[in-house]
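J.: mind looking at a prediction? Sequence and model below.
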Amino acid sequence: MKILIIGGTRFLGRHLVSSARARGHQVTLFNRGMTNPELFRNVEKIQGDREKDLDQLSGDGLSKEHRNDASASKRQWDAVIDTCGYFPRIVRMSAEALKDKVEQYVFISSISAYADFKKIGINESDPLGKIEDETMEEITGESYGPLKALCEKTVQDVFGINSLIIRPGLIVGPHDPTDRFTYWPVRIARGGDVLAPDSPNALTQIIDVRDLSDFMIKLIEQNVSGVFNVTGEPLLLGTLFETCKQISGSDANFKWASVEFLNENNVAPWSDMPAWLPDTDEEKGFARVDVSKAMHAGLVISPLAETVKDTLTWASELPSEHEWKAGLTSEREAELLRLMREK
């Protein structure tokens, strides 16, 4: 198959390229050439900004000597994967530009597209978030999900039954630029007292980026359309942390801080304490999303130990000056542990 990937050199995109190539497919990348341009030297690359260079995909924007090449002017792909669509206006531009050039449009959305997480077992038919100003083009905590929902609708409006919408949860694994999962294996590997949120019975939900990528390529091969929640089964934080400890062989000692203590000391869920949200009435469904549809369609979940091990191996290659985007600094954690002891 011929697969066009918008993006393709950052986290999920680079793993999608690897999954597709491993299964024998021909990949073309369309991106600005700004992120990891050294990757995939043997993959066809079309450089451009999707907001102003979409003519490159048709051959109209090719150099003069290639403009009359019939194969260039009749570019066709079996599927396009949009890894980086955030605003419906821009997604509509790419969808309409590709309507006659690809058979299927695959859009990476998010479980954040749902209206709320009060329900345990949210499935693909539950209501999506809405935003008052649908022309807004600024990503905030409040706008991200509803804008993704509007992007989904845009793709469905243009491609109809030839659209595939993927709603991942927290994507984890090697090359994750967010640190929202990587913090835990790395911190636990250092050992000693580790500040942990809530209790060992608190829940999270994660999906290994390689499992997500493999699943998506399989769906494309089978020409599957529709909407899929794609994350793992609910996972106990205690299980996750003990797995990190076992894989790294550390002497980590978990100090479980109550939600009240964390609130009192302005320790923010998800950012200071990554991959965790308090189990409130408003968020009780966040780590209990229904993924049965994806499982029945062939989603395979790798062993947690494998995800942790490979994440640690990759993280060991990060530069010493790496600035962590999630989690606590050593100094802040030490201060909080001292406050816990005193209390």
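T.: Happy to help now that I have it.
J.: could you use CA atoms for every contact and neighbour count after this?
T.: Fine.
J.: any idea which residue sits dead centre in the chain?
T.: By Cα atoms, centre = their mean, the mean C-alpha position of the chain lies nearest to residue 171, the distance being 4.3 Å.
J.: run through the bridge partners of residue 208.
T.: Assessed by DSSP bridges, residue 208 has beta-bridge partners residue 172.
J.: pretty sure it sits against residue 307.
T.: Yes - taking contacts as Cα atoms under 8 Å, residue 208 lies within contact range of residue 307: 6.5 Å.
J.: tell me the strands in the stretch 101-250 of the chain, going along the chain?
T.: Applying DSSP state E, counting those that start in this stretch to the stretch 101-250 of the chain gives strands spanning 102-108, 163-168, 170-172, 193-197, 203-204, 206-208, 226-230, 235-236.
J.: any chance of those in a markdown table, with distance to residue 341 too?
T.: Below are those laid out as a markdown table (distance: least, Cα to Cα, whole Å):
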| stretch | distance to residue 341 |
| --- | --- |
| strand 102-108 | 44 |
| strand 163-168 | 38 |
| strand 170-172 | 32 |
| strand 193-197 | 11 |
| strand 203-204 | 25 |
| strand 206-208 | 31 |
| strand 226-230 | 40 |
| strand 235-236 | 25 |
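J.: sorry, back to before: residue 208 and residue 307: which has the busier surroundings?
T.: Between residue 208 and residue 307, counted using other Cα atoms under 10 Å, residue 208 has the larger neighbour count: 25 against 22.
J.: can you tell me how far the more buried one is from residue 151?
T.: Using Cα to Cα, to the nearest Å, residue 208 is found at 24 Å from residue 151.
J.: so where is the stretch 1-150 of the chain shaky, pLDDT-wise?
T.: 59-73 (pLDDT under 70).
J.: and the nearest residue to residue 301 once chain neighbours are set aside, what does it touch?
T.: Distance criterion Cα to Cα, 6 or more residues apart in numbering; nearest residue to residue 301, sequence neighbours excluded, is residue 211 at 6.1 Å. Residues near residue 211 by Cα atoms under 8 Å, 6 or more residues apart in numbering: 299-302.
J.: and residue 165, by the same measure?
T.: Per Cα under 8 Å, 6+ apart, neighbours of residue 165: 106-109, 152, 225-228.
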